[in-house]
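Asks: coordinates for the following, if possible.
(2 chains)
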Amino acid sequence: GQSLEQPSEVTAVEGAIVQINCTYQTSGFYGLSWYQQHDGGAPTFLSYNALDGLEETGRFSSFLSRSDSYGYLLLQELQMKDSASYFCASDSSYKLIFGSGTRLLVRP
Amino acid sequence: NAGVTQTPKFQVLKTGQSMTLQCAQDMNHNSMYWYRQDPGMGLRLIYYSASEGTTDKGEVPNGYNVSRLNKREFSLRLESAAPSQTSVYFCASSEEGRNSYYGYTFGSGTRLTVV
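Replies: I've put the predicted structure just below:
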């Protein structure tokens, strides 16, 4: 089967750095994506890693290690608006399979 | 630039009723997808269409059917609704069959309640 594991909840302080981990077991793996979803909203694309290493997009960075079947999303200089759910998703065989999501709460 | 448009936004059905959820994209994307999201959970793939003229089952296809009407439109049909199908349904599209670096674009969702 295919599965992705990520923590259910993370809490951090405004201005801090937080890391959300994701481990996966999928067949036909091409890459790992990250999506953000605010309550009541639609998921929005954040980043994609096809190769091992770090991808940086502004305050957000994402990392992939294929040998460890592991990735993470790093959020820097946290802002209140970053409070949302974050999903890792495995790009496998022409479709995305999502993890169950990590709810990030940013406190002032 | 509308992106992905889903209709309706809200729907209440009685058990056993049927309905079709509509989805259209204006980005000339090849691939389209239907997901459902239950409270506090991730998105589960129902069906997808890698390109016009093809459809394939996802993780949870039972109780659903799909039609890729043309390149723009991908509909999801519930033939006989059940309370277990109460969920938020998201349609998405992508530039090609593989996610690539551009990601999926999601519609705003259809909130369906089956009573």
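Asks: what number of residues lie near residue 28?
Replies: Assuming you mean chain A. Residue A:28 has 11 neighbours, counted by other Cβ atoms under 10 Å in any protein chain shown. Where you see a C-beta, it was placed from the backbone N, CA and C, and this is true even at glycine.
Asks: you answered for a different chain; I wanted chain B.
Replies: 9.
Asks: per-residue confidence at it?
Replies: Confidence at residue B:28, expressed as pLDDT, is 91.
Asks: ok so it is a strand residue?
Replies: No: when the secondary structure is assigned by DSSP: H, G, I helix; E, B strand; the rest coil, residue B:28 falls in coil instead of a strand.
Asks: skipping adjacent residues, who's closest to it in space?
Replies: Counting by Cβ to Cβ, 6 or more residues apart in numbering or on different chains, residue B:71 is the residue found nearest to residue B:28 once chain neighbours are left out, at 7.2 Å.
Asks: and that neighbour, what does it touch?
Replies: Contact criterion Cβ atoms under 8 Å, 6 or more residues apart in numbering or on different chains gives B:28, B:30, B:52 as the residues in contact with residue B:71.
Asks: now the last one. Nearest residue, chain neighbours left out?
Replies: I take that to be residue B:52. Excluding the flanking residues, the one nearest residue B:52 by Cβ to Cβ, 6+ apart is residue B:71, at 4.7 Å.
Asks: quick one: secondary structure of that neighbour?
Replies: Look at residue B:71: counting by three-state DSSP, its state is coil.
Asks: what residue in chain B comes nearest to chain A?
Replies: Of chain B, the residue with the smallest distance to chain A, taken as Cβ to the nearest Cβ, is residue B:103 at 2.8 Å.
Asks: secondary structure element for that residue?
Replies: Mapping residue B:103 onto the secondary structure by DSSP states H and E places it in no helix or strand at all.
Asks: next, the contact list for residue A:96, please.
Replies: Residues counted as contacts of residue A:96 (Cβ under 8 Å, 6+ apart) are A:33, A:89-90, B:33, B:45, B:99, B:104.
Asks: can you tell me which of those residues lies nearest to residue A:43?
Replies: Here the nearest of the contacts of residue A:96 to residue A:43, counting by Cβ to Cβ, is residue B:104; it sits at 7.7 Å.
Asks: following the helix or strand of chain A with the lowest mean pLDDT in sequence, what is the next regular element?
Replies: Lowest by mean pLDDT, DSSP states H and E among the helices and strands of chain A is strand A:95-98, with a mean of 88. Downstream of strand A:95-98, the next assigned helix or strand under DSSP H and E is strand A:102-107.
Asks: using CSV, write down the CA coordinates of that next one.
Replies: Backbone C-alpha positions of strand A:102-107 (Å, rounded to 0.1, in the frame of the first residue of the first chain) are rendered in CSV as follows:
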residue,chain,number,x,y,z
THR,A,102,-0.2,18.6,10.3
ARG,A,103,-2.1,21.4,12.0
LEU,A,104,0.3,24.3,12.7
LEU,A,105,-0.8,26.8,15.4
VAL,A,106,1.3,30.0,15.5
ARG,A,107,1.1,31.8,18.9
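Asks: which strands border it, and is each parallel or antiparallel?
Replies: Looking at strand A:102-107 with DSSP bridges, its partner strands are strand A:9-13 (parallel), strand A:84-92 (antiparallel).
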